[in-house]
Every structure is written in structure tokens, then in C-alpha cells.
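Student: Below is the sequence, then the predicted model.
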Protein chains: 2
Amino acid sequence: MREGVMPADPERAAALEVVHRLREVALKLELAIGEFARTTGLHGTDVRALVRLLDAERAGVDATPGWLAQQLGMTSQATTAVIHRLEAAGHVERLRSRSDGRSTHLQVSDSAVELGWHFFGPLLNRMTAETAQLSPTEQETLKRWLTAMSEAIG
Amino acid sequence: MREGVMPADPERAAALEVVHRLREVALKLELAIGEFARTTGLHGTDVRALVRLLDAERAGVDATPGWLAQQLGMTSQATTAVIHRLEAAGHVERLRSRSDGRSTHLQVSDSAVELGWHFFGPLLNRMTAETAQLSPTEQETLKRWLTAMSEAIG
DNA sequence: CGAGAATAGCTCACTGAGTGAGGTAAATTG
DNA sequence: CAATTTACCTCACTCAGTGAGCTATTCTCG
């Protein structure tokens, strides 16, 4: 086996195991998106975009093509194409911003919300139900830890 | 705002917030992979494949093209192409299996390990260090919860 | 055993998602 | 109020991923 790439610190070994499991969960979420894409005939990127748009709405963030491009880690041209596809499928609507004539606001349609909920709803419900079984203190620990992970990655 | 798509159960609201943060972390991990791909000149899929291959080695799992295809949620042909690219870049080696003449074992090269470690090492170190600050009991809670999340998704 | 089915991986031809180059219109700045 | 920046878009092209279909090896069971 390959030795030496990771310090064999026993203190950190347990923590590393936790991190690996986190990555495993991230992978599975990504695979679920792929599966959703396949069943709906959409493309992986389109689904990822839709999810982000729904998140933006939930968080009260103004979603624009530029913002979306950043969220997806893609160029603005590719994002334009994504929006075109979603628009053609009736999942999103372009609304010209009144405050800034250059900017466009992206509004997800009810059909998109329903579509997303139909697939991700049960999944989210299972995850939420499982999480709700933990004590408030434990949930607070999770939140703090997840925030720390976010910062450690970004 | 859109009401009714999610039952406004206050018990679950906190848990849902935790789940959303988990998704946020998953998104950031995916973006990190994209960034790694851009800086190394590899493609996102190639990096994802490499990560899975390194994970397989770590876990002692025998990595084959078929196994990799499943891990990436792609067709076997696309996976063949990925392996070709990684092989051409000197990151992976094809080894014909002795027990099954149809099968091929995929062996990651030292250069790939080093490359992966160079980029993901600091990131993993930050995540691990943060996680190690939690008590063993809390870490155990995390592990159980993450396993539960994995099962809830899959 | 040996014919038929299943499995693992591959090549070929094609499609279309994503990129680079470059353009337009609106806002900001000095 | 020209010059610059910002936000988004079109066009032409490339190559990653797919479907169809192949070969070689292993498994199944009469």
C-alpha cells in the first residue's frame, strides 16, 4: 500500500473517516441529481441550475444569469444556453430587471417547483426525518460543523 | 412567496435547515473539483474518476472500468474514454485481471496520487483539523448521521 | 461436456453541451 | 459626457458523452 501521503496521526484518523463519509454523501447527492436528470429528460447541468434557482427563491436571493453562472462554476455563455433550455421547457421565466436595464431576473415556474418537489421531496423528507430524531443540541453541533466544512472548502 | 410545497412543521424546520447546509457543502465540494480540473487541465469527469479511484485504493476495493462507470453514473463507453484520457496523461494504468480474463484492474500512478494530494490535501487537512476539534462522542454522532444521510439518499 | 446466455469491455459514428471570441446595451466613473 | 465597466448575449467550433453494436471470456445447466 501507499504510505506517507497522509500522516498516520491517530487523533486525526477518526476525523478523516468522518470527512470521507461526508464526501460519500456529497457523491450520492450528485448521483441523485444525475438520476433525476435521466428520468425527466433534462440534463445534469439543467437540474443543478434548477436546484440552485429554487434555493435562491427559498433564501430570497435575486437570481440572475450571472449569479447562476457563478453557482454552477460555468461560463456565462453556457449558462445562457442552460436558461434557454429551461425556458423552452417552461421551467423558468426571464424578467427584465427594472432597477438595472442590463440585468435579468430568473423566475422559476410552478411546474418546475412541482417537478423538483416530486423527485427531491421524498428524498429531502427522509433526510429531514432522520435529522429531526437528533436532539436540538446535536442538530446545533451539526449546523456549526457543516458551516465550518463550508468555510474549509471555500 | 410560494406556500404549501413544504409542510410548515416547526419541528422539521430546524432539521431541514441542517439538510440544506449539507447540500451546500456538497455543492462546494463539487465546485472544488471543477476548480481542480481547470487548474490541472483535466476535465471535471476525469477528476471525479481520479478521486473515486483513489478512494477505492484507500478502501481496498478492486477498481474496474465497470465499477468506475457505476460510481460516476455514466455509460461504460464514456468511462472507457475517461480511462483513455487518464491513461494518456499517465495517471492510471490498465492491468488485465488474472482471475477474470474479461476484467481490467485500474491502478492509479504515483503521479496521480501526488497531484490529488497537492490540491485536495490542504483542503482535507483543513476539514479534518476542524472535525478533530469535536469530542469523540460528537464525532460518533456525525458518523452515524452521515451514514443515515447516505442511506436516505441511496 | 458443450450450446446458449450473461458479463466485461471496447470501437465507431454522431449529437449537442460547453468554450473562446467577440458583440450590444445599460450603468458607472472621472 | 467620453471612457470604462458590467451584464448578457450570439456565433462558430470542439470534444465529452450516447446509442448501436462488436469481441472475448465466463457462467449455466441439460
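Tutor: Yes, it's here.

Student: what about the longest helix along chain A and DNA strand D, touching?
Tutor: If you go by DSSP state H, chain A has its longest helix at helix A:10-40. No. Contact of helix A:10-40 with DNA strand D (Cβ under 7 Å from any atom of the strand) is absent, the minimum separation being 8.0 Å. To be clear about C-beta, it is placed using only N, CA and C from the backbone, and glycine gets the same treatment.

Student: Outside of the helix or strand just after that helix itself, list whatever touches it.
Tutor: Per DSSP states H and E, the first helix or strand lying C-terminal to helix A:10-40 is helix A:44-59. With Cβ atoms under 8 Å, 6 or more residues apart in numbering or on different chains as the test, helix A:44-59 has contacts from A:33-34, A:36-37, A:40, A:42, A:61-63, A:67-68, A:71-72, A:74, A:78-79, A:82-83, A:85-86, A:89, A:91-92, A:106, A:108, A:112-113, A:115-116, A:120, B:2, B:20, B:23, B:27.

Student: what's the burial count for whichever residue of chain A sits closest to DNA strand D?
Tutor: Here chain A gets closest to DNA strand D at one residue, residue A:66, 2.4 Å apart by Cβ to the nearest atom of the strand. By the criterion of other Cβ atoms under 10 Å in any protein chain shown, residue A:66 has 13 neighbours.

Student: Please identify the helix or strand for it.
Tutor: Using DSSP H and E, the element containing residue A:66 is helix A:65-72.

Student: Now the longest helix of chain A: buried residues?
Tutor: Neighbour-count burial for helix A:10-40 flags A:12, A:14-34, A:36-37, A:40 (criterion: 16 or more other Cβ atoms under 10 Å in any protein chain shown).

Student: Please list which of these are also close to chain B.
Tutor: For chain B, the contacts drawn from the buried residues of helix A:10-40 by Cβ under 8 Å from any Cβ of the partner chain are A:12, A:14-32, A:34.

Student: still on that earlier bit, which strands or helices does the helix holding residue A:66 pack on?
Tutor: Identification of packing neighbours for helix A:65-72 by 3 or more Cβ pairs under 8 Å, 6 or more residues apart in numbering or on different chains; DSSP states H and E yields helix A:44-59, helix A:76-88, strand A:104-108.

Student: Can you lay out the ones you listed as a markdown table showing distance to residue B:134?
Tutor: Shown next, in a markdown table, are the helices and strands packed on helix A:65-72 (distance: least, Cβ to Cβ, whole Å):
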| stretch | distance to residue B:134 |
| --- | --- |
| helix A:44-59 | 27 |
| helix A:76-88 | 38 |
| strand A:104-108 | 37 |
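
Student: for those, which one sits closest to residue B:132?
Tutor: Closest of these to residue B:132 is helix A:44-59, at 30.2 Å (criterion: Cβ to Cβ).

Student: C-alpha coordinates for that closest one, PDB please?
Tutor: The C-alpha trace of helix A:44-59 is given here as PDB (Å, rounded to 0.1, in the frame of the first residue of the first chain):
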ATOM      1  CA  GLY A  44     -27.400  17.200 -15.300                       C
ATOM      2  CA  THR A  45     -26.500  20.800 -15.500                       C
ATOM      3  CA  ASP A  46     -30.100  21.900 -16.100                       C
ATOM      4  CA  VAL A  47     -31.200  20.100 -12.900                       C
ATOM      5  CA  ARG A  48     -28.300  21.600 -11.000                       C
ATOM      6  CA  ALA A  49     -29.300  25.000 -12.200                       C
ATOM      7  CA  LEU A  50     -33.000  24.400 -11.300                       C
ATOM      8  CA  VAL A  51     -31.900  23.300  -7.800                       C
ATOM      9  CA  ARG A  52     -29.900  26.500  -7.300                       C
ATOM     10  CA  LEU A  53     -32.700  28.600  -8.600                       C
ATOM     11  CA  LEU A  54     -35.100  27.000  -6.100                       C
ATOM     12  CA  ASP A  55     -32.600  27.500  -3.400                       C
ATOM     13  CA  ALA A  56     -32.300  31.200  -4.300                       C
ATOM     14  CA  GLU A  57     -36.000  31.700  -4.200                       C
ATOM     15  CA  ARG A  58     -36.200  30.000  -0.800                       C
ATOM     16  CA  ALA A  59     -33.300  32.200   0.500                       C
END
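
Student: Tell me who's in contact with the closest residue to residue A:134 other than its chain neighbours.
Tutor: Nearest non-adjacent residue to residue A:134, counting by Cβ to Cβ, 6 or more residues apart in numbering or on different chains: residue B:145, 6.8 Å away. The contact partners of residue B:145, taken as Cβ under 8 Å, 6+ apart, are A:130, A:131, A:134, A:142.
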